[in-house]
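1. Here's my sequence, what's the structure:
(chains A and B)
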Amino acid sequence: MKICVLMKQVASEDSPLKINNNGSGIDETNLNLITNEPDSYALEEALLIKEKTSGEVTICTLGPDSSQQVIKDGLAKGADKAIHITIEDLKNVSPLSMGKVIYNKIKNENFDLVLSGLQSNDYGHAQLGIIISEYLNYSHASLVIGTEVNEENSLKIKRELENGWFQSAELTLPACLSIQSGINQPRYATLKGIMSVKNKPVDKCDATELGISEDSGYKVEEVFLPKKAKETQFLDGSTDEIVSQLTDILKNKIKVG
Amino acid sequence: MKILVLIESINNKIHPVSIEALVAAQSIASENSVEIYPLCLNKNLIDDLSKFKCTKVLNVENLDLKNYEPMTYLDAAEKVFKSMDADLIMFGHTYETRDWAPRLSARLDIPFLSDCININLSDSKLIINRPIYQAKLIQKIALSGKGLVSFQAGSFSSENLLHENSPSESLSIELNSYDSIKQGERFQESAGGVDLTTSDFIVSIGRGLGKEENIPLAQSLADKINAQIGASRPVVDAGWLDHSRQIGSSGQVVSPKLYFSLGISGAIQHLVGMKGSKQIIAINKDPNAPIFEIADYAVVGDVLEILPKLTENL
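-> Residues are numbered from 1 along each chain as shown, chains lettered A, B, ... in the order given. Reported below is the predicted structural model:
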């Protein structure tokens, strides 16, 4: 199996999010950048499928130079090679534009599977992997919580639905799968894996050469903090003071127990 | 402006989030120039849909799908959109639409704004709000051309649905047949777990608890106040607790008297599962955590420091 895994670098959950001076986006200077967590599950699933069927795993990332870290971490975990499509600023690029650029890069690679995480933790469009299935004319499934490669040309998957329901499906290969978090337990890199990174090929190319479009068909006019839906009382003070306020609320207002 | 509203069928009924999408469409249709066309691929739903105020309920001749078939949905929606020369496609942001709407966006080559929470129309320009960074921030987006827009559950209230008898029409459209994706039956896995929906008090654990070894700290508090333990998805995904304890869109939806959230930041998928709680106490070290938006009492601080002392003090 030739497997491609789409991975993205995003701000970690505990990064300070400040709106920039003109209110058009966030101030990106002090963000702590990490691999988008859902993509780690997609990579792990690719590595598991490779171990069962042999073949190779290629990481593909679209992002600025800092995204090299995503590639290094993924190669250290066991991916065989990587494609890095560089672009300075990704935040105003629409999912369709991202999809077209990635498609232009990978269309001749003949991947059997293209895996992606179910969504990114920054812009959360939850579209890219499925968009690429259309461009590649592959079958697709989203929110995949189980895979079973049975024959040469087909794949059984389990999809997660709402409220504890599931659905199985059989896909003709090649296919694009967006992977639900929790499908597996992503591995850690071994020392041997980390050492191997420098010998693995990274194909670096420029998004502008692949024809990236800035025209998304819409315009982000402003970014703002959500309005509060509810009066929230913030409890201040030392730990002991907070504990005593919480105790009072639990015992006397909510009357627990 | 012509709006197609995709109606999702669930257990042979109209999906509640599809109704909300129709409400969203009605909300911008006070201008006469807006026409609303619900598109329904399950013919059983047409009678119910015809009671709602819209221009015309559409269905496709020779196509009657009780269950989801991605490639046929895609084919039908593309051809209806083109034959109607429609401008917008609106629908609920569900696990089903997430599966095929991105592909429709690519096929039609028009943008898809997903998981939106608001829409306004002024001077034929659409202004749409959508949450980013796990709902910590909101983007205000102007859409000037055609587009697909999906709405987060609960963004519009079905109480605002306008009723009025509306006509329906069966469109004659040539569809292709597909076999690249064979959908199986929907199933539930044997629950065998915990029913949190009947609990009065829930202590819920997020990743802010640090590590699996800290769970007894939360358990002690839960025991003290007679609460059940719940969890956010990352905790379950990491294997700290069983899936049956998960609260949120893919787990249980609860509305206890007290929801005591420990180290949960509050991704929207979690909030939809607990925002109906009567009282919410949240401890989190990140002052911008979305959980604080809906908390009654909020503590910005280290849950591991507060927890043992609180349990002891109760």
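2. Show me the shaky parts of the chain.
-> No chain in the question, so chain A it is. A:229 (pLDDT under 70).
3. please go with chain B instead
-> Checking chain B against pLDDT under 70 turns up B:31-32, B:190-193.
4. What are the boundaries of the helices in it?
-> Remark: helices assigned in chain B by DSSP state H are B:16-27, B:46-49, B:70-84, B:95-108, B:215-224, B:233-237, B:268-271, B:291-294, B:303-313.
5. Let's have those in JSON lines, adding distance to residue A:139 and mean neighbour count.
-> (Each C-beta comes from the backbone N, C-alpha and C, glycine too.) Formatted as JSON lines, the helices of chain B follow (distance: least, C-beta to C-beta, whole Å; neighbours: other C-beta atoms under 10 Å in any protein chain shown):
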{"stretch": "helix B:16-27", "distance to residue A:139": "26", "mean neighbour count": "23"}
{"stretch": "helix B:46-49", "distance to residue A:139": "30", "mean neighbour count": "16"}
{"stretch": "helix B:70-84", "distance to residue A:139": "8", "mean neighbour count": "19"}
{"stretch": "helix B:95-108", "distance to residue A:139": "10", "mean neighbour count": "24"}
{"stretch": "helix B:215-224", "distance to residue A:139": "41", "mean neighbour count": "18"}
{"stretch": "helix B:233-237", "distance to residue A:139": "26", "mean neighbour count": "23"}
{"stretch": "helix B:268-271", "distance to residue A:139": "26", "mean neighbour count": "22"}
{"stretch": "helix B:291-294", "distance to residue A:139": "38", "mean neighbour count": "24"}
{"stretch": "helix B:303-313", "distance to residue A:139": "44", "mean neighbour count": "18"}
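6. can you list the ones you listed in TSV and add distance to residue B:177?
-> What follows is those, written out as TSV (distance: least, C-beta to C-beta, whole Å):
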stretch	distance to residue B:177
helix B:16-27	26
helix B:46-49	24
helix B:70-84	8
helix B:95-108	17
helix B:215-224	52
helix B:233-237	37
helix B:268-271	35
helix B:291-294	47
helix B:303-313	55
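7. who in the stretch 1-150 of chain A is up against chain B?
-> By C-beta under 8 Å from any C-beta of the partner chain, the residues of the stretch 1-150 of chain A that approach chain B are A:11, A:13-14, A:16-17, A:19, A:26, A:37, A:94-96, A:99, A:121-131, A:133-135, A:139-143.
8. What's the ChimeraX syntax to select whichever of the residues you listed are buried?
-> Buried residues among those (16 or more other C-beta atoms under 10 Å in any protein chain shown), as a ChimeraX selection:
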select /A:11,13,17,26,37,94,95,96,99,121,122,123,124,125,126,127,128,129,130,131,133,134,135,139,140,141,142,143
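9. Can you list which of the residues of the stretch 1-150 of chain A next to chain B are found in strands?
-> A:11, A:19, A:26, A:139-143 (DSSP state E).
10. Now do the end-to-end distance for stretch A:195-214.
-> 38 Å (C-alpha to C-alpha, to the nearest Å).
11. List of residues touching that stretch?
-> Stretch A:195-214 has contacts (C-beta atoms under 8 Å, 6 or more residues apart in numbering or on different chains) with A:62, A:68, A:71-72, A:75-76, A:79-87, A:92-93, A:97, A:100-101, A:104-105.
12. coming back round to it: mind picking the two most distant members of the ones in strands among the residues of the stretch 1-150 of chain A next to chain B?
-> Within these, A:19 and A:139 form the most distant pair, 41.0 Å apart (C-beta to C-beta).
13. quick one: which of the helices of chain B is nearest residue B:188?
-> helix B:95-108 (14.2 Å).
14. Run the chain-centre distance for that closest one.
-> 15 Å (C-alpha atoms, centre = their mean, to the nearest Å).
15. near chain A at all, that helix?
-> Yes - using C-beta under 8 Å from any C-beta, helix B:95-108 reaches chain A at B:95-96, B:98-103, B:105-107.
16. Tell me the buried residues in stretch A:210-219?
-> For stretch A:210-219, the neighbour count (16+ other C-beta under 10 Å) marks A:210, A:212, A:216-218 as buried.
17. Thanks a lot, catch you later.
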